[in-house]
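Chemist: Structure here, sequence nowhere to be found:
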């Protein structure tokens, strides 16, 4: 995958972006009145470029809410979120959509494939949205489906694919536009051990570039050793983070 240059708003310089994501005192509440619940309770988190950050914790602890806010899919109730040097709250809705399309890949736990499109067409969606020529977009999608082991099923529709195959199509779709930030919600949940490890190795390849960051929500203990940093959440709070690795990242 090709490297790309970023502008670091903190330094005004072009080059490595040490902090791809900065969250400060991020709160997210749902509901109104007596039914109001607080899903995130003042999250402070830095995510570094060139690393794979794993978010772990029990179901309902706020992991998916947090990555949805980082990806610009949800608005925080309060707090500060900066992604790739940009303050998300400063974007107008169309600007935010364009920023996501150009810079962020999101791998949903429920795949969210379009039933009327084939596997290769689903994988090509980010490029088609970016107005790349259809022939070029489909060719790149075919190449990526081959990488995830689905070349032979490229013309199949989602209903004709197993859950694991659908997830691999979703992974190809998330990677195809070479996002500078890749956010994944349980990417190996429906995969066997061999396929899951292959997917994580692919995500690691994306993460090793100095100007890209990968955030993965996972319950899969098989892949924890592949992460550069593990952040543990509970009840909407960060309980533990690998601070030693964070310090090392600033020193390199």
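Modeler: Noted; the coordinates are in hand. Fair warning: this is a prediction, and the values are worked out from it, not measured in the lab.

Chemist: which residues of the stretch 101-250 of the chain fall in strands?
Modeler: 104-107, 181-185, 213-217, 229-234, 237-241 (DSSP state E, counting those that start in this stretch).

Chemist: outside of the second one, which residues touch it?
Modeler: The one in question is strand 181-185. With contacts defined as Cβ atoms under 8 Å, 6 or more residues apart in numbering, strand 181-185 is touched by 20-21, 63-64, 67, 70-71, 83-84, 103-109, 174-175, 203, 206-207, 212-217. For glycine as for every other residue, the C-beta is placed from the backbone atoms N, C-alpha and C.

Chemist: From the centroid of this structure, which residue is nearest?
Modeler: Computing the C-alpha centroid of the chain and ranking residues by Cα atoms, centre = their mean puts residue 183 first, at 0.8 Å.

Chemist: Need the pLDDT of it.
Modeler: If you check residue 183, the pLDDT there is 93.

Chemist: before we move on, the earlier item: select only the buried ones of the contacts of strand 181-185 in ChimeraX?
Modeler: Selection command for ChimeraX covering only the buried members of the contacts of strand 181-185, criterion 16 or more other Cβ atoms under 10 Å:
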select :20,21,63,64,67,70,71,83,84,103,104,105,106,107,108,174,175,203,206,207,212,213,214,215,216,217
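
Chemist: I'd like the distance between the closest residue to residue 50 other than its chain neighbours and residue 105.
Modeler: Once flanking residues are discounted, residue 50 sits nearest to residue 210: 4.5 Å by Cβ to Cβ, 6 or more residues apart in numbering. In this view, residue 210 and residue 105 are 18 Å apart by Cβ to Cβ, to the nearest Å.
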